[in-house]
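Visitor: Provide a 3D model corresponding to the input given below.
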Amino acid sequence: MINLAQVVGIIAEYHPFHNGHLYQMRNARALTGASYCVVFLSSYFVQRGMPAMYSPLKRAEAALRAGADAVFEIPTPFSSASARDYAAYGVSMLAGLGIPNLCCGTEDVSAEELSMLLEVIDEGSEAFQHSLREGLKTGLTYAEARVNAIAADLFQAGADNALLLRTRELLSKPNNILAFEYARAARAERIPIRMTTVSRKGSDYHDPILQGDFSSATAIRSHILNGGSWDDLGRMVPRAASEVFASTPYLNPACIVGPIERRVLNQLYEGNTLSSFSDVSEDLADRIANADFREENYEALVNSLKTRQYTHTRVARALTHIFLGIRKSDLLRWKNAAREEAVAAASAEGREASALPPIGAAPYARLLGFRRDSEPLLSLLKQAATIPMVSRPAAAESLLRSPAARDLFQAEVHAADLWNSLYYGDSGTALPSYLQQQIVIV
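Guide: Numbers count the residues shown, from 1 in each chain. Here you go, the predicted model:
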């Protein structure tokens, strides 16, 4: 008889799956004593602000063949969001399914150190807020201004130089930042999740060069996009995953440049304000409105728009959200979708809503796939879940009761349809619509 203590969750993109991901998965089981590993996977557009090279179903299949037991989908509006919103949504999905363990990949920070930092950092303090505002005024990125604000808050609280230097170092690395946001979200919403960390092995996160057994996803993507073969990646990608990707055409992100330009031109012609879209400030909206979309590829387009204040990832997310039609007001509404879903479900059943989910919680969990020998896990999750589990997209409308939850689901359907359109235009391969997709079982 299995119990939830034997389940560990991982929040990931697998863009694409490689040896580093397998290393984390194996260590997640070892560190927590878990028998089952559940992955919460980014959807069609990823957190760095670009369309995924492979569909969520293909990435889920690769993960399952490499050893994951079940894979759930993080909807595009949150999988393409800021680190804070992405992390908060992922943590809430774990909580919604009752999974008590979360394993994070980091550069060099432990769960204990994250907990210690959260104990001493007060983002609501006067010193923090003042420093944040001043940093943004001088043109710093939000991430840079936030690190300065945290340092100012810690200094005000009497922190020594060693802690200040360590905090700056920690919050300058992408995987550390995400781990910090996972821990922060769990703490802020009082979600009882036990966190463990696995330090990155091999190449750095942004390393563009293939090297050794643990090359970065960045280097692997670059290799494939430059015409390289999956046969050349035998040392860096598990065979089971490589076989899935090698037999599947990929989407080249360059194909999104024209569609983004047409979307921007249509918005401007209709008199719509670009700054209403998520991650688009008024200044960035002006830059995008006056952009030259004749760049040779997507990376070049993003680089032509980035500044000291607007990082590559921020610009890419902004363009993605304009393309997908995701507005700031939408994201705010969807952050409350789980609360509305809980109230609507209780009302339909004639009972009072109790233990409402936190703001930012997931209103449902869409199952992408599972291993046949892990079916006992699915039964356990269904019993423990406080949110609907969607295994057939076509049945989602009947499972979701609140307008906000259904709206979020429709936004995912729209994102999938747009990705499928890009994919067909780029590869000539037609895929089933989101509502017709079949669950992956290996």
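Visitor: going forward, measure contacts between C-alpha atoms and count neighbours the same way
Guide: OK.
Visitor: same for the longest helix seen in the chain, what does it pack against?
Guide: Ranked by residue count, the top helix of the chain under DSSP state H comes out as helix 403-427. In terms of contacts (3 or more C-alpha pairs under 8 Å, 6 or more residues apart in numbering; DSSP states H and E), helix 403-427 is packed against helix 76-79, helix 312-324, helix 328-335, helix 337-348.
Visitor: which of these sits most buried?
Guide: helix 76-79 (a mean of 28; mean count of other C-alpha atoms under 10 Å).
Visitor: by contact count, what packs against whatever helix or strand comes next after the longest helix of the chain?
Guide: Remark: after helix 403-427, the chain's next helix or strand is strand 440-441, criterion DSSP states H and E. In terms of contacts (3+ C-alpha pairs under 8 Å, 6+ apart), strand 440-441 is packed against helix 56-66, strand 365-370.
Visitor: got these as CSV, with mean neighbour count columns?
Guide: Output for the helices and strands packed on strand 440-441, formatted as CSV (neighbours: other C-alpha atoms under 10 Å):
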stretch, mean neighbour count
helix 56-66, 24
strand 365-370, 23
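Visitor: closest one to residue 115 among these?
Guide: strand 365-370 (27.5 Å; C-alpha to C-alpha).
Visitor: quick one: average pLDDT of the closest one?
Guide: Summarised as a single mean, pLDDT over strand 365-370 is 98.
Visitor: now do stretch 126-137
Guide: 88.
Visitor: got a list of contacts for that stretch?
Guide: In this structure, residues lying in contact with stretch 126-137 by C-alpha atoms under 8 Å, 6 or more residues apart in numbering are 122-123, 142, 144-146, 148-150, 152-153, 156.
Visitor: Mind listing what's buried along that stretch?
Guide: For stretch 126-137, the buried set under the neighbour-count rule, 16 or more other C-alpha atoms under 10 Å, comprises 127-129, 131-132, 135-136.
Visitor: how much space is there between the most centrally placed residue in the chain and residue 392?
Guide: Centrality entry for the chain: nearest residue to the mean C-alpha point is residue 79, 3.5 Å, by C-alpha atoms, centre = their mean. For residue 79, the distance to residue 392 equals 20 Å [C-alpha to C-alpha, to the nearest Å].
Visitor: Next: residue 24.
Guide: Residue 24 is 29 Å from residue 392, by C-alpha to C-alpha.
Visitor: ditto for residue 248
Guide: From residue 248 over to residue 392 the distance is 23 Å, taken as C-alpha to C-alpha.
Visitor: ok, the closest residue to residue 260 other than its chain neighbours - contacts?
Guide: Taking C-alpha to C-alpha, 6 or more residues apart in numbering, and ignoring the residues beside it in sequence, residue 260 has residue 323 as its nearest neighbour in space, at 5.4 Å. By C-alpha under 8 Å, 6+ apart, the contact set of residue 323 is 259-260, 263-264.
Visitor: let's see 10 Å
Guide: 256-257, 259-264, 277, 317, 415, 418 (C-alpha atoms under 10 Å, 6 or more residues apart in numbering).
Visitor: Could you dump those into a markdown table and include distance to residue 386, secondary structure and pLDDT?
Guide: Formatted as a markdown table, the contacts of residue 323 follow (distance: C-alpha to C-alpha, whole Å; DSSP: H, G, I helix; E, B strand; the rest coil; pLDDT from 0 to 100):
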| residue | distance to residue 386 | secondary structure | pLDDT |
| --- | --- | --- | --- |
| 256 | 37 | helix | 96 |
| 257 | 40 | helix | 95 |
| 259 | 39 | helix | 96 |
| 260 | 38 | helix | 97 |
| 261 | 41 | helix | 96 |
| 262 | 41 | helix | 96 |
| 263 | 38 | helix | 97 |
| 264 | 40 | helix | 97 |
| 277 | 31 | strand | 98 |
| 317 | 31 | helix | 97 |
| 415 | 26 | helix | 98 |
| 418 | 31 | helix | 98 |
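Visitor: mind putting those residues in a markdown table, distance to residue 162 included?
Guide: Output for these, formatted as a markdown table (distance: C-alpha to C-alpha, whole Å):
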| residue | distance to residue 162 |
| --- | --- |
| 256 | 45 |
| 257 | 45 |
| 259 | 49 |
| 260 | 46 |
| 261 | 48 |
| 262 | 51 |
| 263 | 49 |
| 264 | 47 |
| 277 | 40 |
| 317 | 34 |
| 415 | 45 |
| 418 | 48 |
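Visitor: Name the nearest of the residues you listed relative to residue 68.
Guide: For the contacts of residue 323, the minimum distance to residue 68 (C-alpha to C-alpha) is 25.3 Å, reached by residue 415.
Visitor: Tell me the spacing between the closest one and residue 75.
Guide: Distance from residue 415 to residue 75, by C-alpha to C-alpha: 9 Å.
Visitor: Look at the two and report which has more neighbours.
Guide: Comparing residue 415 with residue 75 by other C-alpha atoms under 10 Å, the one with more neighbours is residue 75, at 28 against 24.
Visitor: Correct me if wrong: that one contacts residue 47.
Guide: No. Between residue 75 and residue 47 there is no contact under C-alpha atoms under 10 Å: 11.2 Å.
Visitor: Common neighbours of those two, please.
Guide: Overlap of the contact sets of residue 75 and residue 47 (by C-alpha under 10 Å, 6+ apart) consists of residue 86.
Visitor: Take the helices and strands packed on helix 403-427 and lay them out in CSV including distance to residue 399.
Guide: Listed next are the helices and strands packed on helix 403-427 as CSV, based on distance: least, C-alpha to C-alpha, whole Å:
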stretch, distance to residue 399
helix 76-79, 20
helix 312-324, 25
helix 328-335, 17
helix 337-348, 9
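Visitor: Between these, which one is closest to residue 43.
Guide: Checking the helices and strands packed on helix 403-427 against residue 43 by C-alpha to C-alpha gives helix 76-79 as the closest, at 5.3 Å.
Visitor: which helices and strands sit right next to the closest one?
Guide: Under the contact criterion of 3 or more C-alpha pairs under 10 Å, 6 or more residues apart in numbering; DSSP states H and E, helix 76-79 touches strand 36-42, strand 45-46, helix 83-96, helix 312-324, helix 328-335, helix 403-427.
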